[in-house]
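Engineer: Generate coordinates for the sequence data below:
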Amino acid sequence: MKTKRRVFSLEFKQGVAQRILNGESVTALHGRLQIKRSVLYRWRDAYRKDGRAGLERSPGRPSRRALQRGGASAGDAAARRIAELERKIGQQALDLDFLRRAFKRVKESRRTSSTGGGTASIGRSER
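Structural biologist: Coordinates of the predicted model:
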């Protein structure tokens with residue numbers, strides 16, 4: 001059975017976040033208010049970071065219209081994606097360089113071991 005989602009006012013969230021920042025226990029507030037600890041921590045962190053504006057965010061995924069209006073955020077997302085891909089390319093270049101050197105060493109070790117041509121000696125215990 002699904003429970004109905006509660007909606008809290010901005011003033012309520014701000015008051016709770018301020019109580020946590022003033023030293024009141026999150027566990028005590030969780031028990032008293034019946035709000036998940038993770039939500040209380042999220043409110044505290046948002047209030048600490050951006051003040052009252054941090055608590056104004058509506059829950060859930062942003063609408064398509066909001067994403068289209070926020071051109072800067074789309075540009076930021078593209079810049080983050082480019083940086084992520086550049087990191088991957090760099091890591092792949094390192095991996096390729098490592099594999100090339102390892103392959104070269106294996107090749108060289110095969111050449112040196114095949115040039116000996118002698119038979120392996122047998123120790124006394126093996127006779």
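
Engineer: Low-confidence stretches in this structure?
Structural biologist: 1-2, 57-59, 62-63, 65-74, 114-127 (pLDDT under 70).

Engineer: any idea how far residue 14 is from the residue most central in space within it?
Structural biologist: Centroid-nearest residue in the chain: residue 84, 11.9 Å away (criterion: C-alpha atoms, centre = their mean). Distance, residue 84 to residue 14, by C-beta to C-beta, to the nearest Å: 35 Å. Where C-beta positions appear, they are placed from N, C-alpha and C, glycine not excepted.

Engineer: Domain parsing of the protein, as residue ranges.
Structural biologist: Domain assignment for the chain by automatic domain parsing gives 8-59, 74-113.

Engineer: just those domains: most buried one?
Structural biologist: When you average the neighbours per residue for each of the domains of the chain (mean count of other C-beta atoms under 10 Å), domain 8-59 leads with a mean of 14.

Engineer: so how far is stretch 96-103 off the chain centroid?
Structural biologist: Centre-to-centre, stretch 96-103 and its host chain are 29 Å apart (C-alpha atoms, centre = their mean, to the nearest Å).

Engineer: Next: stretch 24-42.
Structural biologist: A distance of 25 Å separates the centroid of the chain from that of stretch 24-42, by C-alpha atoms, centre = their mean.

Engineer: distance between the ends of that stretch?
Structural biologist: End-to-end span of stretch 24-42 (C-alpha to C-alpha, to the nearest Å): 15 Å.

Engineer: Need the residues that contact that stretch.
Structural biologist: The contact list for stretch 24-42 (C-beta atoms under 8 Å, 6 or more residues apart in numbering) reads 8, 16, 19, 20, 44.

Engineer: and the residues you listed as a markdown table, adding secondary structure and distance to residue 51?
Structural biologist: Output for the contacts of stretch 24-42, formatted as a markdown table (DSSP: H, G, I helix; E, B strand; the rest coil; distance: C-beta to C-beta, whole Å):
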| residue | secondary structure | distance to residue 51 |
| --- | --- | --- |
| 8 | coil | 17 |
| 16 | helix | 14 |
| 19 | helix | 15 |
| 20 | helix | 14 |
| 44 | helix | 12 |
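
Engineer: I'd like to know which of the residues you listed is nearest to residue 103.
Structural biologist: Residue 103 has its nearest neighbour among these in residue 44, at 53.5 Å by C-beta to C-beta.
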